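[1] sequence and predicted structure are below.
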Amino acid sequence: MHATLEGGAAFAYIKAELQPGESIVAESDAMSSMSADLTMKAKFNGFAKGLLGGESFFVNHFTNNTSGARQLTLVQGSPGSIRQVQLQGETICLQPGAYIASTPDVKIGTRWAGFASAFAREGFFKLTASGTGTLWYGAYGGLLERMVDGECIVDTSHLVAYEPQLKLKIQMAGGIFSSLFGGEGFVTRIEGRGKIIIQTRSLDGLANWLNPKL
Amino acid sequence: MQIHIHRDGKTAGPYSLEQVRQMLATGQVQANDLAHHAGLASWTLLSQVLSAVTPPPIPTAPAASASRDDGPRDMEFAVECRPDFAFLTVQVPAGQTLKVEASAMATMSSNMVMKTKMRGGLSRFLTGESLFLNEFTAGGGPGEIGIAPGSPGDLEHVHLNGDTIFLQSSGFVASGMGVQVDSKWQGFKGFFSGEALFLIRCTGQGDLWFNTFGAMIPIDVTGDYVVDTGHIVAFTEGLQYEIGRIGGLKSLFFSGEGLVCRFRGQGRVWIQTRQLPSFAWWTYPFRPTKD
């Protein structure tokens, strides 16, 4: 399958070309356009992912049952960037809402995230993607890769994806005073060695900037 | 660059970038083959590898922004994701402190210690700008902090050397401790347009970062220059400025151009290509309302 990311950093979209027999699994509202003879089937996504993992109850399977190449464009809801990752057996953990699409051999699962995570409005479950194939995920803002070696702190609303061996702990940013008035609220302490992906803008930040004028 | 190509369970190479381009042109390799070179974390689509190393067709804009950060500075820093969602990463030397706009911290090393400071007084309430500023100190060794402003847009760095820069109220992102940050009440000069001009005065010695909504245009003023008040991001002290109407009373109500700032003298003005009041006005009718 040939897929490219287009639309720049602010309005990224996935342009995929499916060869005969190939499929893509995508979030229920991710398809923006497609060749008319691609077959689309909605499949139940599981209660944990839907109810608690911040994802839709249904995902769509797009399959090319024709004898020629067919087009599919996929998008995310927010302005911002998308990443395309080639999984070779490794696992990636995704924050709620980041998942856009994957090829059928990528297994999407859930992992218990803890009560603190739910308290910080990040949900009880984390999404995991593993197996072999292509995964697409995205977020509001630009996406940057950072290497954690030891310990690092990330504002919870800026974390998008991370490697599974990393340990996450949600805590307050400073003391009570700082956490209430410093505007930082909850942060995630990340321990271990591995990659994280952060988004360079957050919806919270946008709301704080815009709300005084509305 | 030495590139390996992987297809049908076989790995070939290494090839030079030029060889790979030729092989692609002749069909020996395909854009959706997997490729790898030193520095890549995993096998990646060849099309992606090539697009990552292929310079963009019109390099003027990125090249200009890359050289923008080459000036003098006290702390090492980098700006990424320009111009849409510019993100600032500052390397804070051991024991030193950085002032950061409240709620803008996105990432930091765990030895960074955060303290919340209230600044200004009553005037801070009136500017509508966040009353609090956080101070991040690198304890027990150097630290790193990543800063994400709230609005979509660009970021600029200036190094103050005893000079003064005025910022519009939501423009402040971060500064070194040698920079004094004061709000300066501007009165109701802009009252009619609903765009009262509140300014933050930054003076002293050290690094200063500020941000825009939209793209940023620096303008070197010699003589007179007119800027819509909502589009002012920053300007250097020494420029005289006067808030006024453009045209007569009729223009004020019917042209859609409200109050403008007329700059006079020698200095630099930074303007932004979008403004919050217009954006808010544009979204306002679609706001959910409770009956």
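    Okay, I see it. Numbering: from 1, shown residues only, chains lettered A, B, ... in the order given.

[2] which helix is the longest one in the chain?
    Just so you know, I chose chain A. For chain A, the longest helix by residue count, based on DSSP state H, is helix A:203-210.

[3] think we crossed wires, I meant chain B
    Criterion DSSP H: the longest helix present in chain B is helix B:17-26.

[4] near chain A, anything from that helix?
    No: using C-beta under 8 Å from any C-beta of the partner chain, helix B:17-26 stays clear of chain A, coming no nearer than 12.6 Å. C-beta here means a position set from N, CA and C on the backbone, and glycine is covered the same way.

[5] which neighbouring elements make contact with the helix or strand following that helix?
    Using DSSP states H and E, the helix or strand that follows helix B:17-26 in sequence is strand B:34-36. Strand B:34-36 sits against strand B:2-7, strand B:44-45, helix B:46-53, with contacts defined as 3 or more C-beta pairs under 8 Å, 6 or more residues apart in numbering or on different chains; DSSP states H and E.

[6] what strands line up against strand B:34-36, and which way round?
    Note on strand B:34-36: by DSSP bridges, its sheet partners are strand B:2-7 (antiparallel), strand B:44-45 (antiparallel).

[7] the stretch 1-150 of chain B: strands as residue ranges?
    Using DSSP state E, counting those that start in this stretch, the strands assigned to the stretch 1-150 of chain B run over residues B:2-7, B:10-16, B:34-36, B:44-45, B:77-80, B:87-92, B:97-101, B:105-109, B:112-118, B:132-138, B:143-147.

[8] can you redo those strands as CSV, where the extra columns are distance to A:Gln165?
    Shown next, in CSV, are the strands of the stretch 1-150 of chain B (distance: least, C-beta to C-beta, whole Å):
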stretch, distance to A:Gln165
strand B:2-7, 25
strand B:10-16, 27
strand B:34-36, 22
strand B:44-45, 22
strand B:77-80, 25
strand B:87-92, 24
strand B:97-101, 30
strand B:105-109, 19
strand B:112-118, 24
strand B:132-138, 27
strand B:143-147, 21
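
[9] how much space between B:Phe85 and A:Lys167?
    28 Å (C-beta to C-beta, to the nearest Å).

[10] out of those two, which sits in the busier spot?
    B:Phe85 (27 against 12; other C-beta atoms under 10 Å in any protein chain shown).

[11] got a list of what the more buried one touches?
    For B:Phe85, the contact set (C-beta atoms under 8 Å, 6 or more residues apart in numbering or on different chains) comprises A:9-10, A:80-81, A:141-142, A:200-201, B:148, B:152-153.

[12] go again using 10 Å as the cut-off
    By C-beta atoms under 10 Å, 6 or more residues apart in numbering or on different chains, the contact list for B:Phe85 reads A:9-10, A:79-81, A:140-144, A:199-201, B:148-149, B:151-155.

[13] which helix or strand in chain B has the lowest average pLDDT?
    Lowest by mean pLDDT, DSSP states H and E among the helices and strands of chain B is helix B:60-67, with a mean of 44.

[14] specify the beta-bridge partners of the residue nearest the centre of chain B.
    Central residue of chain B (C-alpha atoms, centre = their mean): B:Leu155, 1.5 Å from the mean position. When bridges are called by DSSP bridges, B:Leu155 pairs up with B:Asn211.

[15] buried ones in stretch A:17-29?
    A:17-18, A:22-27 (16 or more other C-beta atoms under 10 Å in any protein chain shown).

[16] quick one, which of the strands paired with strand B:34-36 is packed in tightest?
    strand B:44-45 (a mean of 19; mean count of other C-beta atoms under 10 Å in any protein chain shown).

[17] for that strand, give the mean pLDDT please.
    If you average the pLDDT over strand B:44-45, you get 84.

[18] what does stretch B:241-253 give?
    66.

[19] and the pLDDT at the residue lying closest to A:Val106 once chain neighbours are set aside?
    Leaving aside its sequence neighbours, A:Val106 sits nearest to A:Gly133 (C-beta to C-beta, 6 or more residues apart in numbering or on different chains; 4.2 Å). Listed pLDDT for A:Gly133 reads 96.

[20] contact partners for A:Gly133?
    A:1, A:24-25, A:85-88, A:102-107.

[21] name the helices or strands packed onto the strand or helix carrying B:Ile165?
    In this assignment (DSSP H and E), B:Ile165 forms part of strand B:155-168. On a contact count with 3 or more C-beta pairs under 10 Å, 6 or more residues apart in numbering or on different chains; DSSP states H and E, strand B:155-168 meets strand B:77-80, strand B:87-92, strand B:172-176, strand B:179-184, strand B:199-211, strand B:216-228, strand B:232-236, strand B:259-272.

[22] got the angle between that strand and strand B:87-92?
    90 degrees (axes from the mean of the first three to the mean of the last three C-alpha atoms, to 10 degrees).

[23] and strand B:155-168, what's buried?
    Here strand B:155-168 shows B:155-158, B:160, B:165-168 as buried, counting by 16+ other C-beta under 10 Å.

[24] specify the beta-bridge partners of A:Leu87.
    A:Gly133.

[25] can I assume it is in contact with A:Val106?
    Yes: using C-beta atoms under 10 Å, A:Leu87 makes contact with A:Val106 at a distance of 5.9 Å.

[26] name the residues contacting each of the two.
    A:129-135.

[27] for these, give me TSV that also has distance to B:Ala280.
    Output for the shared contacts of A:Leu87 and A:Val106, formatted as TSV (distance: C-beta to C-beta, whole Å):
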residue	distance to B:Ala280
A:Ala129	38
A:Ser130	43
A:Gly131	45
A:Thr132	47
A:Gly133	43
A:Thr134	40
A:Leu135	37
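
[28] out of these, what pair is the most spread apart?
    A:Ser130 and A:Thr134 (12.9 Å; C-beta to C-beta).

[29] any common contacting residues for the two?
    Residues touching both A:Ser130 and A:Thr134 by C-beta under 10 Å, 6+ apart: A:87, A:105-106.

[30] out of the residues you listed, which is most surrounded?
    Compared across those, A:Leu87 has the highest neighbour count, 21 neighbours, by other C-beta under 10 Å.

[31] ok, B:Ile3 to chain A distance?
    Per C-beta to the nearest C-beta, to the nearest Å, B:Ile3 is found 15 Å from chain A.

[32] and that residue, what's its pLDDT?
    Taking B:Ile3 on its own, its pLDDT is 88.

[33] you'd agree it is up against B:Gly39?
    No: taking contacts as C-beta under 10 Å, B:Ile3 lies outside contact range of B:Gly39: 11.1 Å.

[34] which stretches of the stretch 101-250 of chain B have low pLDDT?
    The stretch 101-250 of chain B contains residues with pLDDT under 70 at B:118-132, B:184-197, B:247-250.

[35] what does it put close to chain A?
    B:101-118, B:128-136, B:144-153, B:170, B:194, B:213 (C-beta under 10 Å from any C-beta of the partner chain).

[36] swap in 6 Å and give it another go.
    B:102-103, B:105-110, B:114, B:116, B:128, B:132, B:134, B:148, B:150-151 (C-beta under 6 Å from any C-beta of the partner chain).
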